[in-house]
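# just to be clear, the model below is a prediction. Sequence and coordinates:
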Amino acid sequence: MRNITNFLEGRLKLRVNKEKNAADRPWRRKFLGFSFCISRDGIGIRVRNKSVKKFMDRVRQILSRRGGLSTKQRLEKLSRFVIGWANYLV
C-alpha cells in the first residue's frame, strides 16, 4: 500500500484517502456494490447483499399502491428502473 500511495501522490500528483483505501485481495474488497468471487469457472462478479436489498426495497416502493400512479405508469417506472440497474451491472 505504501508503494502505491507513493506512486500516486508523488508521480501522478493525486491525493490518496488512507481511511477509504486499502490494498487487499480483490475477493476481500467491495467496490461500488460489487465484489469478486472465485468459482469453478474462474473469477466472477458478485452483487453485495446490501445492494440487492436496496434494489428490492426500491422495487417495492415503485409497486406500492400509494403513489397515485396508474398500473401502466407504475410498470413503465419499474421497467426504467430495472433496465437501468441491469445496465449498471453490465
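Great, that's in hand.
# who's in contact with the residue positioned nearest the centre of the chain?
The centre of the chain sits closest to residue 33, judged by C-alpha atoms, centre = their mean, with a distance of 2.7 Å. By C-beta atoms under 8 Å, 6 or more residues apart in numbering, the contact list for residue 33 reads 47, 48, 50, 51. Using the backbone N, CA and C atoms, a C-beta is placed for each residue, glycine as well.
# distance check, the nearest residue to the last one once chain neighbours are set aside against residue 57.
The one in question is residue 51. Nearest residue to residue 51, sequence neighbours excluded (C-beta to C-beta, 6 or more residues apart in numbering): residue 33, at 3.8 Å. From residue 33 across to residue 57, the span is 14 Å (C-beta to C-beta, to the nearest Å).
# doesn't residue 37 lie inside a helix?
No: assigned with DSSP: H, G, I helix; E, B strand; the rest coil, residue 37 falls outside any helix and is strand.
# what bridges to it?
Counting by DSSP bridges, residue 37 forms beta bridges with residue 44.
# hmm, it is touching residue 45, no?
Yes: when contacts are counted by C-beta atoms under 8 Å, residue 37 is listed as touching residue 45 (7.5 Å).
# elements contacting the longest helix seen in the chain?
Counting by DSSP state H, the longest helix found in the chain is helix 71-89. Helix 71-89 sits against helix 49-63, with contacts defined as 3 or more C-beta pairs under 8 Å, 6 or more residues apart in numbering; DSSP states H and E.
# done for today, thanks.
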